[in-house]
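1. need coordinates for the following:
(2 chains)
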Amino acid sequence: MLKKPSATAKPLWKKAPFKSSYDAVIIGGGLHGLATAYFLARDHGMTNIAVIEKRYIGFGGAGRNTAIVRANQRTQENVPLYKEALELWPVLTRELDFNLMFYNCGNLNLAHSDAALKAMRTNVATARFHGVQSRVVDPKECKELVPALDISERPRYPIFGGMYHPPGGIVRHDAVVWGLAKGATAKGIHIHQGTEVTGIGVSNGKVVSVETDKGKIATDRVLNAAGGYSAALSWNLLGMKLPISVLTIQAMVTQPLKPLLHHVVSSGAYHCYANQTLKGEIATGSHMDPWPNYTTQTTARYIKHQAEALIEMMPCLSGIKFMRTWGGLADMTPDMAPIMDGNQPHEGYYLDCGWGYFGFKSSTVTGKYMAQYMATGQCPEILAPFALRRFQEHRLMGETAALVNYTPDN
Amino acid sequence: MALTITCPICGARNGYEFRYGGEEKGPKPDEAALRSPEAWCDYIHFNRCKAGAQEEWWFHRDGCGAWFTIHRDTVTNREIPGKEAGI
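-> A predicted model of the protein is given here:
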C-alpha cells in the first residue's frame, strides 16, 4: 500500500516558469543533463539554463542501471575520466548535502580462461599507470573476497582468477538524480518535466532556438543528452546520423537476503554482473537484446539466463526468487566508447551520447567537462579523444577489447 | 514483446533464430565512392536509430541461412507489412 506523502515533506526542487529564452538548453533530464546543468552553474556561473525532460527526471537510464561504479576500463583515454568520476561521489555527497550512498565495496571481475586472465593483466597495467587500484587475484583470493563463489571444477566455466578493483562499488542512482536536481535548481536552473523537444532551429550554421511542445526557446547552445533517444533525436531534428545502435538491456533484483555479497561480482563469460544492495537484494544485470529496439521489454529468456549464471557462480543462490525485473536502453557505439563533441554540424550543438551501459558511472564527471565545453566553446583536453570524427578517421577506441564479449549490434 | 520474423523461405519463426544485420541503407556505394573515409563511415557505422517503423536486414542463422529485409516497429518489436510501414 502506498503511503500518503507527509504533510511536512518539502519538494527537493522547485517548479520553474517556462521562459522564452535561455543561455543554454539541455535535452534530457537524466544524470548527464542534470550534471551538466549543475556544473554550468557551479563552475561557470551560468544559471539561465533549462533542462528539458520529456517524461520525468530519472525516467530513463538514470533510474534503470544497476548502480555499479568503477574505473578499470580498458583504454588510456577512458580510465582518467572514470577515475575522476569515482573521486567525485564523496565530493558531491557533501556539496549537494544529499546522501548519494556511495558504497566503495570494490569490484571483482572473474576470469574463466587463461586468455581472460591475460586480458586482465593488460587492464590492470592500464589502471595502475593511471593510479587506479586494481590487481589480478587467484581463485583462492576470489573465494576469500566472495565466499559464496564456487571455485571448483564443477561450473561450466570454472574460475581461473579475477581482477579486483577496490575503489569501485555502488551508488544509489535515484539519490544522484534527486541530489543533482536539488543542487541545480538551488543555483537557479530550470527543470521542465513533461516537455518534449520537437525541433532545433538553425540559422547560418548556428543554433538559434529549441522548439518544444510548451513553446519556442531562443538559445544559442543546446546539449543532446537524451541517452537512448539521442541518436533518434539527432536524426529527427537535424538529419544527423550517429554511429549508434539502441538496444534494450535488462536487469532484475532478488528477494532481500542477509549480507553475503560484499563486493560487486561480474563475469564476462556468463554475461552477468551482480551486487547486493543495502536493502539486501541481489541486483543483477544481463546482456543486451540481440537486436535494436526501444521496447525496454523484459523477457523470460533473460530471467532464465540470469538465474542460471548466478547459480553457476554462486550455488547458494539456488531457489532464491526474483522480485522485480525491468529494462532500459543502451545506446551502443561500434567501439564501446561515448561520443562527446560540440559545434558540429552546427555551432552551438553539443553531443553527449553513445554511453551504452557506462552512462551511470561516468555521469557526474562528464557533466563537469561538458559544462566546460559548453561554457567556453573549447573542447577540454580530457574529452578530445571522444570526438565524433574518430569514426571517420578510423580511430576507433579499444574498449571492445575489455573483458566482456560485446559488439554494438550484440 | 517477443519478436516473430517472417523468413521468405521458412515463414514466420521465433526471432531468436535470426541474427540482426543492420538498417537497410540502400545499395552499397561503388568501391571508388567508398574510398572516402566519410562515405565508408556513413555506410558502415552510421544509423538513423528510428523509434518506429524501419526497414532492416536479418539473417536466418538457425534456419535456411537466407538474408532478407523486413519492416519492424522498433518501439513495439512487431514486424509490420511494408505497405503499412509507410517507408
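2. from now on I want contacts and neighbour counts done on CA atoms only, so please keep to that.
-> OK.
3. the stretch 101-250 of chain A: helices as residue ranges?
-> A:114-129, A:139-145, A:173-186, A:230-238 (DSSP state H, counting those that start in this stretch).
4. okay, and for chain A, where does confidence drop off?
-> A:1-3, A:5, A:401-410 (pLDDT under 70).
5. 90 - rerun?
-> A:1-11, A:13-15, A:115, A:268-269, A:286-290, A:344, A:357, A:394, A:398-410 (pLDDT under 90).
6. residues near the residue nearest to A:Trp13 when sequence neighbours are not counted, how many?
-> Distances taken as C-alpha to C-alpha, 6 or more residues apart in numbering or on different chains place A:Lys182 nearest to A:Trp13, at 4.9 Å, with adjacent residues excluded. Number of residues near A:Lys182 (other C-alpha atoms under 10 Å in any protein chain shown) recorded here: 21.
7. thought A:Lys182 was touching A:Leu34?
-> No: look at A:Lys182 against A:Leu34 with C-alpha atoms under 8 Å: they stay out of range, at 9.8 Å.
8. A:Val132 is in contact with A:Gln73, isn't it?
-> No: between A:Val132 and A:Gln73 there is no contact under C-alpha under 8 Å: 10.2 Å.
9. where do the strands of chain B begin and end?
-> B:4-7, B:11-14, B:19-23, B:53-59, B:67-73, B:78-80 (DSSP state E).
10. nearest to chain A, of those?
-> Closest of those to chain A is strand B:19-23, at 5.7 Å (criterion: C-alpha to the nearest C-alpha).
11. what about that closest one and chain A, touching?
-> Yes: among the residues of strand B:19-23, B:Arg19, B:Tyr20, B:Gly22 lie within reach of chain A under C-alpha under 8 Å from any C-alpha of the partner chain.
12. in those, which residue is surrounded by the most others?
-> Tallying neighbours with other C-alpha under 10 Å puts B:Tyr20 at the head of those, with 20 neighbours.
13. please name the nearest non-neighbouring residue to that residue.
-> Closest to B:Tyr20 by C-alpha to C-alpha, 6+ apart is B:Trp58, at 4.8 Å.
14. quick check: the residue of chain B nearest chain A.
-> Counting by C-alpha to the nearest C-alpha, chain B gets nearest chain A through B:Phe46, at 4.1 Å.
15. give me phi/psi at that residue?
-> When read as degrees, to the nearest 10, the backbone of B:Phe46 gives phi -80, psi 140.
16. got the angle between the top helix by length along chain B and strand B:19-23?
-> Ranked by residue count and defined by DSSP state H, the top helix of chain B is helix B:37-44. Counting by axes from the mean of the first three to the mean of the last three C-alpha atoms, to 10 degrees, helix B:37-44 lies at 140 degrees to strand B:19-23.
17. circling back: the residue nearest to B:Tyr20 reaches B:His71, doesn't it?
-> No: B:Trp58 is not in contact with B:His71 according to C-alpha under 8 Å; the separation is 10.4 Å.
18. tell me if stretch A:60-78 is near chain B.
-> No: Stretch A:60-78 is not in contact with chain B by C-alpha under 8 Å from any C-alpha; minimum separation 14.8 Å.
19. so which bits of chain B are right by chain A?
-> B:1-2, B:19-20, B:22, B:37-38, B:40-41, B:45-51, B:74-77.
20. turn the strands of chain B into TSV, columns for mean pLDDT and distance to B:Ala33.
-> As requested, the strands of chain B are exported to TSV (pLDDT from 0 to 100; distance: least, C-alpha to C-alpha, whole Å):
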stretch	mean pLDDT	distance to B:Ala33
strand B:4-7	96	32
strand B:11-14	95	37
strand B:19-23	94	20
strand B:53-59	95	22
strand B:67-73	96	24
strand B:78-80	94	33
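21. of all those, which one is nearest A:Leu86?
-> strand B:19-23 (35.6 Å; C-alpha to C-alpha).
22. now the closest one against strand B:67-73, angle please.
-> Using the same axes, to 10 degrees, strand B:19-23 lies at 70 degrees relative to strand B:67-73.
23. which elements pack onto strand B:19-23?
-> strand B:53-59 (3 or more C-alpha pairs under 8 Å, 6 or more residues apart in numbering or on different chains; DSSP states H and E).
24. now do the contacts for whichever residue of the stretch 101-250 of chain A sits closest to chain B.
-> Closest residue of the stretch 101-250 of chain A to chain B, C-alpha to the nearest C-alpha: A:Pro243 (4.1 Å). Residues near A:Pro243 by C-alpha atoms under 8 Å, 6 or more residues apart in numbering or on different chains: A:Thr333, A:Pro334, A:Phe391, B:His45, B:Phe46, B:Asn47.
25. how does it look with 6 Å?
-> A:Thr333, B:His45, B:Phe46, B:Asn47 (C-alpha atoms under 6 Å, 6 or more residues apart in numbering or on different chains).
26. highest neighbour count among the residues you listed?
-> A:Thr333 (25 neighbours).
27. give the buried residues for the longest helix of chain B.
-> Using 16 or more other C-alpha atoms under 10 Å in any protein chain shown as the test for burial, helix B:37-44 gives B:Glu38, B:Trp40, B:Cys41, B:Asp42, B:Tyr43.
28. just checking, A:Asn107 touches A:Ser266?
-> No: assessed by C-alpha atoms under 6 Å, A:Asn107 is found out of contact with A:Ser266, at 7.7 Å.
29. enumerate every residue touching the most centrally placed residue in chain B.
-> Most central in chain B under C-alpha atoms, centre = their mean is B:Glu56, positioned 1.6 Å from the mean C-alpha point. Listed by C-alpha under 6 Å, 6+ apart, the contact set of B:Glu56 reads B:Gly22, B:Glu23, B:Glu24, B:Thr69, B:Ile70.
30. go with 10 Å
-> Applying C-alpha atoms under 10 Å, 6 or more residues apart in numbering or on different chains, we find B:Glu56 in contact with B:Tyr20, B:Gly21, B:Gly22, B:Glu23, B:Glu24, B:Lys25, B:Phe68, B:Thr69, B:Ile70, B:His71, B:Arg72.
31. what's the closest non-adjacent residue to the fifth one?
-> The spatial neighbour of B:Glu24 that comes closest, neighbours along the chain excluded (C-alpha to C-alpha, 6+ apart), is B:Glu56 at 4.7 Å.
32. might you report the residue contacts of residue 15?
-> No chain in the question, so chain A it is. Here A:Lys15 is in contact with A:Thr185, A:His190, A:Ile191, A:His192, A:Gln193 (criterion: C-alpha under 10 Å, 6+ apart).
33. I was after chain B.
-> Applying C-alpha under 10 Å, 6+ apart, the residues contacting B:Gly15 are A:Pro290, A:Trp291, B:Ala2, B:Leu3, B:Thr4, B:Ile5, B:Thr6, B:Trp58, B:His60.
34. please produce JSON lines containing the residues you listed, extended by neighbour count and distance to A:Pro90.
-> Below are the contacts of B:Gly15 laid out as JSON lines (neighbours: other C-alpha atoms under 10 Å in any protein chain shown; distance: C-alpha to C-alpha, whole Å):
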{"residue": "A:Pro290", "neighbour count": "17", "distance to A:Pro90": "37"}
{"residue": "A:Trp291", "neighbour count": "23", "distance to A:Pro90": "38"}
{"residue": "B:Ala2", "neighbour count": "15", "distance to A:Pro90": "42"}
{"residue": "B:Leu3", "neighbour count": "16", "distance to A:Pro90": "44"}
{"residue": "B:Thr4", "neighbour count": "17", "distance to A:Pro90": "48"}
{"residue": "B:Ile5", "neighbour count": "23", "distance to A:Pro90": "49"}
{"residue": "B:Thr6", "neighbour count": "18", "distance to A:Pro90": "53"}
{"residue": "B:Trp58", "neighbour count": "23", "distance to A:Pro90": "47"}
{"residue": "B:His60", "neighbour count": "23", "distance to A:Pro90": "50"}
